[in-house]
Structures are given as structure tokens and as C-alpha cells.
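Asker: Sharing a sequence plus its predicted fold:
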Amino acid sequence: MTNTAPLIPLSWSLALSAILFSVGVAGVLVRRNAIILFMCVELMLNAVNLAFVSLSPRVGIEGQVFVFFVIAVAAAEAAVGLALIISVFRHLESVDAKNLSLLRW
Amino acid sequence: MLTQILFWLFALVAVGSAMMMVSRRNPVSSALWLIGTFFALAAIYTLLGAYFIGVIQILVYAGAIMVLFLFVIMLLNLGNQYQPDLRSDTWKAVAAGCSLILLALLGRVVGGGLTPGLDERGARVAEQVAEHGAVGAIGIPMFTDFAVHLQVAGLLLLVAVVGAVVLAKRNV
């Protein structure tokens, strides 16, 4: 039970975390659909969670506690963000970011 | 050895599903691929020894948050007659460049400054899990050292619920 953690080198899981974060960044830059933008942000949050979890056998159990808080914040963010998307959709009949140009110069 | 093979398997599933999520045009398929990423990440958390976080990942992310996403996609009827929303080729090149630079920087940071081997507090994690169980090892610091943070998180969730209801309501 306790000897499974060191079997995976730290660099592997941190590299996976970096790759997932980069995929999330590329998704935010490439897509315009607001819901998919939110999903890419969730992917980036998950990449950070993976970094926390993989460092926690080395730094202390606090890493996993932080992951718990990150998940709570992500749930709050998803609830408010999706409510915002619904109310934007009522006004514009679209969730495409190119139509959200009211504050654009 | 088996752990490492499983890690590679789930890492490939996670990265592949993430790329499919970014590249699918239909929002519903994007959401389903993202659920695949979340399940693979939950398996990786379990392989890394964070059993409770793995379960919470499936329950909260794959169970609650993604159901919320799918619910909104279907409520707004974005699943059919979706318009293509990929940006132009210039943006694709910018995105690829940005993410590659970011990956190189992260690799430099991660590869540069980490000391090898477990330190003393890290060795205590395995003891704590063995002593209090996977839930207790996280729960005890959360309700003692991080009690204020826990209450702030609860308050945040309360505000988020009220805010979501106010925002999504038709006439306030």
C-alpha cells in the first residue's frame, strides 16, 4: 500500500502535468466556443492537481489537501461560469467568443 | 514494473483524450473525451498513492462537474447544428508556439531544481496514510491546520450557488 508511490519517477508525472497544461493552453487559444474554453480551463486545473499530487509524497500530505481545495474552487467556478454562459446565450443566442465583442476596442 | 506500465498506459490515455477534447468540433464529444481524461487522471492519482483524491476526482469531476457541463450543452442545444469554432491558421500557429514554449519552460523548471530522493516530511506521508487511512491522512490536517481555509471554501461554494441561481434566473 505504501510502497507503490516511489515506483513512478517524479519527472514522469510532472512531465505529464506539463503536457496536459500545454494542451489546455493550446485549447484556450484555438477554440472560440465558450463552453469548450471552460473545459480547457478545467483541464489546466487538473494538470496543476497532478503536479500537487505527484509532489505530495516528497513534500507532505498538504499537497493532497490543496488538491481538495482546488477541486472545491473548480466546482464553484464551473457553477458560476455555466450560469454566465446561460445568461450570455439568452442575450446573444450564441456562445461563440467572437460575438462577445461589447468591450472590445 | 507493472505500476510503471500502467502509468504509461493511463498517461497516453490522458494526453490522447485531452488532444481529442481540444480538436473535436461537437461540444458533446469534447465533454465526453474530457471525462476520459479525468478517469485516466484518477487512475494516475491512485497509482501515485493518493487514493482519496482519485475517488474524489471521479465523484466530483467526472460525476458532478462534467454532468453540469453536459447539462448546459444540452440545455442550450449546442449538440446539433454546431458551428465550427476553431480559429484561423494564424491562431493555430500562435497556440502551438505558445504551448511549446510553455512546455519547454516547464520542462526547464521541473528538470532543473528538484532534489532527488525523499525528504523527511515526505517519508511521513506513507506513515500517515498507514496510520489514519487514506481519508484520515487528508482529513486530519484539513480539519485542524486548514480549518479556516475549509470554512472559506464552504463560504465560496455558498456564494457560488447563490450567484449561479441569480445569474441563470430569467427575471431577478
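Answerer: Looks like it came in fine.
Asker: any idea which helix is longest in chain A?
Answerer: helix A:62-92 (DSSP state H).
Asker: Could you count how many residues lie near the residue nearest to A:L7 when sequence neighbours are not counted?
Answerer: Closest residue to A:L7 apart from its sequence neighbours, by CB to CB, 6 or more residues apart in numbering or on different chains: B:T3 at 4.4 Å. The C-beta positions use only the backbone N, C-alpha and C, and glycine is treated the same way. When neighbours are counted by other CB atoms under 10 Å in any protein chain shown, B:T3 registers 15.
Asker: Tell me if I'm right that B:T3 and A:I8 touch.
Answerer: Yes. Counting by CB atoms under 8 Å, B:T3 does reach A:I8; the two are 6.3 Å apart.
Asker: what touches both of these two?
Answerer: B:L47 (CB atoms under 8 Å, 6 or more residues apart in numbering or on different chains).
Asker: A:G63: how many residues sit nearby?
Answerer: For A:G63, using other CB under 10 Å, the count is 22.
Asker: buried sites along whatever helix or strand A:V25 lives in?
Answerer: Using DSSP states H and E, A:V25 sits within helix A:10-30. Of all the residues in helix A:10-30, those buried under the rule 16 or more other CB atoms under 10 Å in any protein chain shown are A:10, A:13-30.
Asker: Same question for stretch A:44-62.
Answerer: Buried-residue list, stretch A:44-62, by 16+ other CB under 10 Å: A:44-58, A:60-62.
Asker: State the mean pLDDT of it.
Answerer: Average pLDDT, stretch A:44-62: 89.
Asker: From the chain's centroid, how far away is that stretch?
Answerer: 14 Å (CA atoms, centre = their mean, to the nearest Å).
Asker: give me phi/psi at the closest residue in space to B:F143 that isn't next to it in sequence?
Answerer: Counting by CB to CB, 6+ apart, B:F143 lies nearest to B:L150, which is 6.8 Å off, once chain neighbours are set aside. Dihedral pair for B:L150: phi -60, psi -40, per degrees, to the nearest 10.
Asker: Just list the residues touching B:L150, thanks.
Answerer: Taking CB under 8 Å, 6+ apart, one finds A:F69, B:M142, B:F143 in contact with B:L150.
Asker: Now render those residues as TSV, adding distance to A:F89 and pLDDT.
Answerer: Shown next, in TSV, are the contacts of B:L150 (distance: CB to CB, whole Å; pLDDT from 0 to 100):
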residue	distance to A:F89	pLDDT
A:F69	30	94
B:M142	37	90
B:F143	40	92
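Asker: Make a markdown table out of these and add distance to B:I101 and neighbour count.
Answerer: Formatted as a markdown table, the contacts of B:L150 follow (distance: CB to CB, whole Å; neighbours: other CB atoms under 10 Å in any protein chain shown):
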| residue | distance to B:I101 | neighbour count |
| --- | --- | --- |
| A:F69 | 29 | 17 |
| B:M142 | 37 | 19 |
| B:F143 | 42 | 10 |
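Asker: any idea which of those is closest to B:L156?
Answerer: Comparing the contacts of B:L150 against B:L156 with CB to CB places A:F69 closest, at 9.4 Å.
Asker: For B:V148, see how far away that closest one is.
Answerer: Distance from A:F69 to B:V148, counting by CB to CB, to the nearest Å: 12 Å.
Asker: And for A:L92?
Answerer: Applying CB to CB to A:L92 and B:V148 gives a distance of 41 Å.
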